[in-house]
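>>> no letters, just coordinates:
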């Protein structure tokens, strides 16, 4: 019996562990900042931001789950909390009675706008301020190549340009 496993070499292993640590630490920093400044976890902010960037500020729940790379049950739970806060409204889809639309409310947009400066500052402080323009370009290229490779996997949903895939309003202010 032969071992055909393609183990990671030292450089690949270090890159892999660095990626995991970076994503984990950045997500934790964003959660802390948003909880402190806006009273919401990063996952809720992400839902509000995704809704803010599409025409009509509304998406089918299944599309929202795909864009946020979350299960439908997780998104449904989050949207229920956002709806209770008055930041999102759920309504039946006019095109498909089995589908539900999540729509960003005016109050939700106001909360998002108020939270956005702190969110962006946290992203800059923890990631982009430590990179050169060339490193940002490399990061975008590396992530894009990885996302393209994973795009066909089950449950992947729209990965690269996920908001564009859902019909991002190109003129919308970026609050994510």
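Arrived safely. The structure presented is a predicted model; accordingly, all values stated were derived computationally and were not measured.
>>> which other helices and strands does the biggest helix by length in the chain contact?
When secondary structure is assigned using DSSP state H, the longest helix within the chain turns out to be helix 10-38. Judged by 3 or more Cβ pairs under 8 Å, 6 or more residues apart in numbering; DSSP states H and E, the packing partners of helix 10-38 are helix 42-52, helix 106-126. Every residue, glycine included, has its C-beta placed from N, CA and C.
>>> now that helix: buried residues?
For helix 10-38, a neighbour-count test (16 or more other Cβ atoms under 10 Å) marks 29-31, 33-34, 38 as buried.
>>> can you list contacts of stretch 107-125?
26, 29-30, 33-34, 37-38, 40, 45, 48-49, 51-52, 57, 82, 85-88, 104, 175-176 (Cβ atoms under 8 Å, 6 or more residues apart in numbering).
>>> so what's the gap between that stretch and the chain middle?
In terms of Cα atoms, centre = their mean, to the nearest Å, the centre of stretch 107-125 is found 14 Å from the chain centre.
>>> can you check stretch 51-68 too?
Stretch 51-68 sits 11 Å away from the centroid of its parent chain (Cα atoms, centre = their mean).
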